[in-house]
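J.: Provide a 3D model corresponding to the input given below.
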Amino acid sequence: MRPPAASVPFAPADAPPLTGFDRVAWFYDALAALVFGPALRNTQRAALAGLPAGAPRVLILGGGTGWVLAEVLRRSPAATVLYLEASPRMLARARASLKPGQQAQVEFRHGTQDALTANETFDAVLTFFVLDCIAAPELPDALDRLRAALRPGGRWLLADFRPARRGWRRWLLAAMFWFFRLTTRLRARDLPDFSAALAARGLRGEAKGRFYGSATEAVVFQ
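T.: This next block holds a predicted model:
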């Protein structure tokens with residue numbers, strides 16, 4: 001069904017296989033559309049307004065089944081992309097979404113930010129609805145690794161849910177974490193303030209829009 005995936009560097013020999021959202025890959029897009037309508041994709045579209053011009057080197061972390069990859073290449077036809085995805089089934093779907101002639105522009109790699117090598121840098125880092133999947137104890141190291149991969153003057157494009165302490169948005173987040181813990185063994189339990197975390201790493205954010213009753217937001221950091 002898919003070519004052999006690259007292994008994650010320095011993974012322990014007895015580490016469990018990295019499968020990510022394999023269990024939900026076949027219905028994930030339909031479920032997102034059913035619950036959120038066009039809001040999630042509209043949030044990503046707003047963030048993609050920050051794509052650098054020309055022929056940028058782009059990192060897409062946790063891009064899922066490939067919609068965002070197609071959108072990046074549509075907006076930036078000369079871009080080259082590293083597509084990092086922890087789910088082999090999602091990775092296979094993203095690979096199948098490429099149009100003829102685009103294969104040379106995209107490297108598909110099975111893994112997380114830990115699969116980046118020390119010398120890899122990018123003009124744009126895209127984290128669309130993926131940072132919320134990282135458990136709180138692991139998040140600082142993940143953000144530091146991604147920050148190190150961003151070239152000077154590069155842009156970090158963020159699309160994600162916003163933290164909520166009360167009201168319907170809080171219950172929505174609780175339901176989502178419960179569902180994905182049940183179906184994918186997600187270890188994350190809550191939603192940090194990603195904008196504050198990136199600002200603490202020297203990046204200045206420009207808001208590009210909020211959607212779904214302000215439950216999601218798009219921000220471009222530089």
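
J.: What is the longest helix of this structure by residue count?
T.: As assigned by DSSP state H, the longest helix anywhere in the chain is helix 167-184.

J.: tell me the contacts of the residue nearest to Val130 when sequence neighbours are not counted?
T.: The shortest distance from Val130 to any non-neighbouring residue, by Cβ to Cβ, 6 or more residues apart in numbering, is to Gly62 (3.1 Å). All C-beta atoms are positioned from the backbone trio N, CA, C, and that covers glycine. With contact set as Cβ atoms under 8 Å, 6 or more residues apart in numbering, Gly62 has these partners: Gly20, Leu84, Glu85, Ala86, Thr112, Thr127, Phe128, Phe129, Val130, Cys133.

J.: Leaving out sequence neighbours, find the closest residue to Arg210.
T.: Excluding the flanking residues, the one nearest Arg210 by Cβ to Cβ, 6+ apart is Glu217, at 4.8 Å.

J.: Quick one: neighbours of Ala199, just the number.
T.: 14 (other Cβ atoms under 10 Å).

J.: My guess is it contacts Gly205. True?
T.: Yes: between Ala199 and Gly205 there is a contact under Cβ atoms under 8 Å: 6.4 Å.

J.: Neighbour-wise, which one of the contacts of Gly62 leads?
T.: Counting neighbours by other Cβ under 10 Å, Glu85 leads the contacts of Gly62 with 32 neighbours.

J.: Please state the backbone phi and psi of the closest residue to that one other than its chain neighbours?
T.: With sequence-adjacent residues excluded and distances taken as Cβ to Cβ, 6+ apart, Glu85 is closest to Leu91, at 4.5 Å. Dihedral pair for Leu91: phi -60, psi -40, per degrees, to the nearest 10.

J.: count of residues packed around Leu91?
T.: 28.

J.: Please list the residues outside the helix or strand encompassing Leu146 that contact it.
T.: Per DSSP states H and E, Leu146 falls inside helix 139-149. Here helix 139-149 makes contact (Cβ under 8 Å, 6+ apart) with 59, 61, 112-114, 116, 120-122, 125, 127, 131, 134, 156, 192, 197-198, 201-203.

J.: buried ones in that helix?
T.: Leu139, Ala142, Leu143, Leu146, Arg147, Ala149 (16 or more other Cβ atoms under 10 Å).

J.: Name the residues of the following helix or strand past it that are buried.
T.: Per DSSP H and E, helix 139-149 leads on to strand 150-161 as the next helix or strand towards the C-terminus. For strand 150-161, a neighbour-count test (16+ other Cβ under 10 Å) marks Leu150, Gly154, Arg155, Trp156, Leu157, Leu158, Ala159, Asp160, Phe161 as buried.
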